[in-house]
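Novice: The sequence and its predicted three-dimensional model are supplied below.
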Amino acid sequence: MKRPLLTVLPLLLVAAVSLFYVCTYTISPIEQVIITQFGDPIGDPITEPGLHFKTPFIQVVNRIPRNILPWDGQRNEMPTKDKLYISVDTFGRWKIKEPLKYFLGLRNERTADSRLENILGSATRSIIGKHDLIEIVRTDKERVPAKDETLAELTDGQSGSIGILPKIRKGRSVLEDEIMADAKPKLEELGIELLDVRFKRINYNPSVVEKIYERMISERQQIASKFRSEGEGEAARILGDKDRDLNEISSEAYKKVQTIKGKADAKASQIYARAYGQNPKAAELYEFIKTMEMYRNTLGKQSTLVLSTDSDLYRFMKSSDAAATPSSPRPAVTPRPAGE
């Protein structure tokens with residue numbers, strides 16, 4: 001009798017352990033459980049950690065995460081309000097707030113990630129499409145962007161100035177809050193609580209990068225043209241001032257020279273007048289010498305004069321006609337009768 005009992009006892013022990021194993025389950029602090037019977041959930045979700053019991057074979061334990069879960073969205077290309085195509089990467093954090101609703105709507109994390117991608121991606125495209133790129137680039141409206149002073153005076157005809165960026169009304173942080181506010185109610189219908197959404201990376205679409213570079217080059221060329229035109233204008237102004245100053249100096253110098261020369265001539269005339277006024281013959285000699293100087297300065301070998309017979313110029317030439325020789329050619333003089 002003892003030998004059969006010793007043989008059956010291990011079998012009974014194994015059966016008891018197996019029965020205990022299929023009738024119990026444990027819950028960790030980072031998970032919660034929904035019990036389903038023939039595919040339908042029964043009872044409320046079990047969130048208390050520890051050992052729990054279930055009906056074997058007909059009840060199934062469905063474990064649902066209780067901790068905060070990551071979501072890493074795919075990179076999507078979308079246009080901004082100012083018609084610039086950008087590539088946007090987003091990420092978020094979420095957790096299952098209502099396990100039963102989550103289980104009935106999604107069942108598992110892979111399906112949940114797909115729904116998150118659809119809902120958050122749609123909300124991101126919608127919000128970005130309503131704002132300019134500057135709103136997405138800058139963190140918030142309180143952050144003052146750096147200004148390029150060399151571009152401050154170059155206008156583009158639309159925004160008023162290329163060098164001064166448009167005023168930021170919201171900023172990227174507000175846009176992230178708007179995306180979260182748009183997607184959160186939709187996810188709550190699935191039992192998901194959206195905790196956070198952030199932009200991970202924002203970049204230009206590769207197809208428009210070349211145009212962006214061309215625009216940057218164009219702006220710098222405008223700066224160079226502006227500097228060149230200012231330099232040419234300054235050079236023209238300096239040259240104009242130089243010519244004006246030279247003319248002023250020359251005219252002032254000429255005025256002084258003529259004034260001094262006039263005073264000298266007047267002084268010389270007074271001296272000559274006093275000297276020759278004392279002797280009539282000396283006055284005639286002075287007149288003759290001055291007339292000869294005038295001949296020498298005004299008449300050349302090929303000069304032709306038409307003079308009247310009573311002209312003062314012809315008076316001295318009459319006396320010199322007889323003394324003229326072939327070796328000393330004189331200018332041709334044609335006398336005209338007085339009164340013609």
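Specialist: That came through, no problem.

Novice: use CA for all of it now, contacts and neighbours both
Specialist: Will do.

Novice: can you give me the strands for the stretch 201-340 of the chain?
Specialist: Listed in chain order, the strands found in the stretch 201-340 of the chain under DSSP state E, counting those that start in this stretch are 304-308, 332-336.

Novice: comparing these, which gets the lowest mean pLDDT score?
Specialist: Sorting these by mean pLDDT places strand 332-336 lowest, at a mean of 48.

Novice: List the buried residues of stretch 173-192.
Specialist: Within stretch 173-192, the residues that count as buried by 16 or more other CA atoms under 10 Å are 173-176, 178-180, 182-184, 186-188, 190-192.

Novice: ok, which stretches of the stretch 51-200 of the chain are helices?
Specialist: Listed in chain order, the helices found in the stretch 51-200 of the chain under DSSP state H, counting those that start in this stretch are 99-105, 109-128, 133-137, 172-188.

Novice: Please identify which of the ones you listed is closest to residue 63.
Specialist: For residue 63, the closest of the helices of the stretch 51-200 of the chain is helix 99-105, at 9.6 Å, according to CA to CA.

Novice: which other helices and strands contact the closest one?
Specialist: Taking 3 or more CA pairs under 8 Å, 6 or more residues apart in numbering; DSSP states H and E as the contact definition, the neighbouring helices and strands of helix 99-105 are strand 31-37.

Novice: could you give me the average pLDDT of the strand it packs on?
Specialist: On average, the pLDDT along strand 31-37 is 91.

Novice: Ok, stretch 289-303 next?
Specialist: For stretch 289-303, mean pLDDT rounds to 75.

Novice: Using CSV, write down the CA coordinates of it.
Specialist: C-alpha atoms of stretch 289-303 as CSV (Å, rounded to 0.1, in the frame of the first residue of the first chain):
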residue,chain,number,x,y,z
ILE,A,289,58.3,152.1,-77.6
LYS,A,290,54.9,150.9,-76.4
THR,A,291,53.6,150.9,-80.0
MET,A,292,56.5,148.9,-81.2
GLU,A,293,55.9,146.4,-78.4
MET,A,294,52.3,146.1,-79.5
TYR,A,295,53.5,145.5,-83.1
ARG,A,296,55.8,142.7,-82.0
ASN,A,297,53.2,141.0,-79.9
THR,A,298,50.3,141.2,-82.3
LEU,A,299,51.8,141.0,-85.8
GLY,A,300,53.4,138.0,-87.4
LYS,A,301,55.1,137.4,-90.8
GLN,A,302,51.9,136.2,-92.4
SER,A,303,49.6,138.8,-90.8
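
Novice: Touching stretch 167-177 from outside, list them.
Specialist: Contacting residues not belonging to stretch 167-177 are listed as 127-128, 134-141, 197-199 [CA atoms under 8 Å, 6 or more residues apart in numbering].

Novice: Which among the residues you listed count as buried?
Specialist: 127-128, 134-136, 138-141, 197-199.

Novice: Would you mind giving the domain segments of the chain?
Specialist: With automatic domain parsing as the criterion, the domains of the chain are listed as 16-64, 69-223.

Novice: how about a markdown table for the ones you listed, with distance to residue 297 added?
Specialist: Rendered in a markdown table, the data for the domains of the chain read as follows (distance: least, CA to CA, whole Å):
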| stretch | distance to residue 297 |
| --- | --- |
| domain 16-64 | 123 |
| domain 69-223 | 63 |
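
Novice: worst average pLDDT in those domains?
Specialist: The stretch with the lowest average pLDDT out of the domains of the chain is domain 69-223, scoring a mean of 83.

Novice: quick one: terminal-to-terminal distance for that domain?
Specialist: When the termini of domain 69-223 are compared using CA to CA, to the nearest Å, they are 51 Å apart.

Novice: Quick one: distance of that domain to the chain centre.
Specialist: 22 Å (CA atoms, centre = their mean, to the nearest Å).

Novice: Which elements pack onto the top helix by length along the chain?
Specialist: The single longest helix within the chain, with elements called by DSSP state H, is helix 206-277. Here helix 206-277 is seen to pack against helix 280-298 when contacts are counted using 3+ CA pairs under 8 Å, 6+ apart.

Novice: can you state the direction angle for the helix it packs on and helix 206-277?
Specialist: 150 degrees (axes from the mean of the first three to the mean of the last three CA atoms, to 10 degrees).

Novice: re the thing from before, how about JSON lines for the helices of the stretch 51-200 of the chain, with distance to residue 217 added?
Specialist: Below are the helices of the stretch 51-200 of the chain laid out as JSON lines (distance: least, CA to CA, whole Å):
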{"stretch": "helix 99-105", "distance to residue 217": "53"}
{"stretch": "helix 109-128", "distance to residue 217": "27"}
{"stretch": "helix 133-137", "distance to residue 217": "20"}
{"stretch": "helix 172-188", "distance to residue 217": "27"}
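
Novice: To residue 251, which of the ones you listed lies closest?
Specialist: helix 133-137 (61.8 Å).

Novice: Can you tell me which of the buried ones among the contacts of stretch 167-177 is closest to residue 66?
Specialist: Residue 66 has its nearest neighbour among the buried ones among the contacts of stretch 167-177 in residue 197, at 19.1 Å by CA to CA.
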